[in-house]
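Colleague: Kindly generate the corresponding structure for this input.
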Amino acid sequence: MPDVALVPHPSTPCGAIQGVTVAVDRAGSGALRLRYAVRGDLESLSIPAPCEPRRADGLWRHTCFEVFVRTEGPGYLELNLSPSGEWAAYAFEDYRQGMAPAELSAVPRIDVRRNADTLVVDALVRLPSAPRLAMGMMRLALAAVLEARDGRISYWALRHASGKPDFHHVESFALRLDGGTGAPQPELERLR
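Modeller: So this is what the prediction gives:
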């Protein structure tokens, strides 16, 4: 699982954080394994306390990690993974349209480790049962929302579209994950 670096949106810098990386690969048919690592002054961040794993809305309002999954067509899946162990999954019919809760094949497994300057969130997510998600090529938008203790939010992504932070934008889907090998391939050209 090679790491890819996320960058903060220019309008939401976070000087206390030195970097955010993500490693992603396929973990069998219809599953993704993700490892988010945040390095820096973790005491400056508001990190949700652990709780029982459960589905919860509004996780993006606080520190959480996100992955958006697109195959062919305009529809896509949004997954929110909190260090608390809470999670959310939504299906969209098109860009920010037709949002509905998505049923995953299993509750995501979220493991959190922390030391003085690194927070690591490992997640295993079994995607909804769909042949195109299980076998085909996927485009991913990888993101992190980091909340400072003073309430300021910093938005990190593999690629930001112009304008305000928007992880849903088609230009954010900058990582290709092939169906055969599962090897992540950064996209070098803009998606159409």
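Colleague: quick one, what contacts H160?
Modeller: For H160, the contacting residues are V7, H9, P10, D166, E171, S172, by C-beta atoms under 8 Å, 6 or more residues apart in numbering. C-beta coordinates here come from the backbone N, C-alpha and C atoms, glycine included.
Colleague: how many neighbours does the first one have?
Modeller: The reference is to V7. 13 (other C-beta atoms under 10 Å).
Colleague: The residue nearest to it when sequence neighbours are not counted bridge partners, please.
Modeller: Nearest residue to V7, sequence neighbours excluded (C-beta to C-beta, 6 or more residues apart in numbering): W156, at 6.5 Å. For W156, the beta-bridge partners under DSSP bridges are P8, A144.
Colleague: Let me know the pLDDT of W156.
Modeller: Per-residue confidence (pLDDT) for W156: 98.
Colleague: what's the answer for the one 4 residues further on, then?
Modeller: For H160, the pLDDT comes out at 96.
Colleague: any idea which element it lies in?
Modeller: With elements delineated by DSSP states H and E, H160 resides in a region that no helix or strand encompasses.
Colleague: Return the distance of it relative to D25.
Modeller: Per C-beta to C-beta, to the nearest Å, H160 is found 24 Å from D25.
Colleague: Then R139?
Modeller: Counting by C-beta to C-beta, the separation of R139 from D25 is 15 Å.
Colleague: Neighbour count: those two, which is higher?
Modeller: Ranked by neighbour count (other C-beta under 10 Å), R139 and D25 place R139 first, with 20 against 16.
Colleague: Would you agree the more buried one is in contact with D178?
Modeller: No. Between R139 and D178 there is no contact under C-beta atoms under 8 Å: 10.7 Å.
Colleague: Just the CA coordinates for stretch 29-37, please, in CSV.
Modeller: Extracted in CSV, the C-alpha atoms of stretch 29-37 (Å, rounded to 0.1, in the frame of the first residue of the first chain):
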residue,chain,number,x,y,z
SER,A,29,-13.8,-8.6,-3.6
GLY,A,30,-15.8,-5.4,-2.8
ALA,A,31,-13.6,-4.2,0.1
LEU,A,32,-11.2,-1.3,0.6
ARG,A,33,-8.4,-1.1,3.1
LEU,A,34,-7.4,2.5,4.1
ARG,A,35,-4.7,3.8,6.3
TYR,A,36,-4.9,7.6,7.1
ALA,A,37,-1.9,9.1,9.0
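Colleague: roughly how far apart are R126 and P2?
Modeller: 22 Å.
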